[in-house]
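Peer 1: pasting the structure only:
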């Protein structure tokens, strides 16, 4: 049961019964968050005059972040998209022309059906079961590209091309020896052969009449703004926007996959930490910082396990340190940005699956 309170009446320890957004419509505090002095100051500064507060209860309660029914619908669409990707790559490999609208529908339907990235990322973390080397990685990168385009407020036509570029960025791997794709350690010769998948992709997409932006996504998604990438060693503004976006999406999904492969569990906050520590300065700074902060926000409400064994719920994100959010455990608020010895070990599975 909610109680409406003037912001002047707010006190630390009260629990919100509504989401709080900033002036850019970014979620700052989720329903269920326990108010701190800093939170109260922020709510007042944003211009809120009244907010809904949960009626106090003797024991802490957690809200259900994920709609299980919607998640199961997402999994079905995700698996169907996997089949469509395989068919699409086969068509491209045989030289058939594929237009942007046709390719966009493979993941565009998911982006439209399941709404904002706030749902997309938690759903993706629950259903990662497709073959990463074929359909799974292509779908994930395409969906992540769609989220980034939304966060960057890109025009519809640009976003469409970026989403398709994400879907087809690795099409050149179809020309590689399959053994290379599954080897954990490549020789120098094999590594050079592997790098050629970017040029193969550019040529293949040119043969089927793909737009130049989509072709450049395939050719340049391994370029880095500090000139450490390939195939051309470009830097800064020499790299087109589409390639910069695909690069961030590709690195995030690959890092996630590597964690899954090594640990048999995925913790997105660890992935975000890796991206910040290993790729800040290599990937486009504006896109990467936006991606880190906004992706972390997508996990507000998730149940997590901490490194000391406690469980809790993510209730707010530290913009300066997105991989270390605020977690409510029982009646305590743990600010991981101020608790360096603690970290999130895992996102807990959704009950009911």
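Peer 2: All right, it came through fine. Bear in mind that the values here come from a model prediction, so they are computed numbers and not experimental data.

Peer 1: from here on, contacts and neighbour counts on C-alpha atoms
Peer 2: Noted.

Peer 1: what residue ranges in the stretch 101-250 of the chain are flagged as low confidence?
Peer 2: By pLDDT under 70, the weakly predicted segments of the stretch 101-250 of the chain are 115, 128-134.

Peer 1: can you map out the helices along it?
Peer 2: 117-126, 135-151, 156-168, 178-182, 188-195, 197-207, 212-220, 241-263 (DSSP state H, counting those that start in this stretch).

Peer 1: Who are the packing partners of the third one?
Peer 2: Just to be clear, that refers to helix 156-168. Counting contacts by 3 or more CA pairs under 8 Å, 6 or more residues apart in numbering; DSSP states H and E, helix 156-168 packs against helix 100-113, helix 135-151, helix 212-220, helix 241-263.

Peer 1: Now render these as a markdown table, adding mean neighbour count and distance to residue 343.
Peer 2: Below are these laid out as a markdown table (neighbours: other CA atoms under 10 Å; distance: least, CA to CA, whole Å):
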| stretch | mean neighbour count | distance to residue 343 |
| --- | --- | --- |
| helix 100-113 | 17 | 31 |
| helix 135-151 | 24 | 25 |
| helix 212-220 | 25 | 35 |
| helix 241-263 | 20 | 16 |
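
Peer 1: do you know how far residue 185 is from residue 191?
Peer 2: 9 Å (CA to CA, to the nearest Å).

Peer 1: Just want to know which of those two has more residues nearby.
Peer 2: Under the criterion of other CA atoms under 10 Å, the comparison of residue 185 against residue 191 puts residue 191 first, with 12 against 9.

Peer 1: Which one of the helices of the stretch 101-250 of the chain lies nearest to residue 24?
Peer 2: helix 135-151 (10.5 Å; CA to CA).

Peer 1: Quick one: residues contacting residue 95.
Peer 2: Residues counted as contacts of residue 95 (CA atoms under 8 Å, 6 or more residues apart in numbering) are 207, 208.

Peer 1: For it, which three-state class applies?
Peer 2: For residue 95, the secondary structure call by DSSP: H, G, I helix; E, B strand; the rest coil comes out as coil.

Peer 1: Could you chop this structure up by domain?
Peer 2: 1-58, 68-297 (automatic domain parsing).

Peer 1: Residue 308 is nearest to which of the ones you listed?
Peer 2: Ranking the domains of the chain by proximity to residue 308 (CA to CA) places domain 68-297 first, at 15.4 Å.

Peer 1: so how far is that closest one from its chain's centroid?
Peer 2: The chain centre lies 11 Å from the centre of domain 68-297; the measure is CA atoms, centre = their mean, to the nearest Å.

Peer 1: again, but for stretch 24-42
Peer 2: 22 Å.

Peer 1: for the record, mean pLDDT for that stretch?
Peer 2: Stretch 24-42 shows a mean pLDDT of 85.

Peer 1: So what touches it?
Peer 2: 7, 10-22, 54, 62-63, 297, 300-301, 315-317, 328, 333.

Peer 1: residues of that stretch that come out buried?
Peer 2: 27, 28, 29, 30, 31, 32, 33, 34, 35, 36, 39, 40 (16 or more other CA atoms under 10 Å).

Peer 1: quick one: which of those sit in helices?
Peer 2: Counting by DSSP state H, these place 39, 40 in helices.

Peer 1: now, the most widely separated pair of the buried residues of stretch 24-42?
Peer 2: Of all pairs drawn from the buried residues of stretch 24-42, the greatest distance, 16.6 Å, lies between 27 and 36 (CA to CA).
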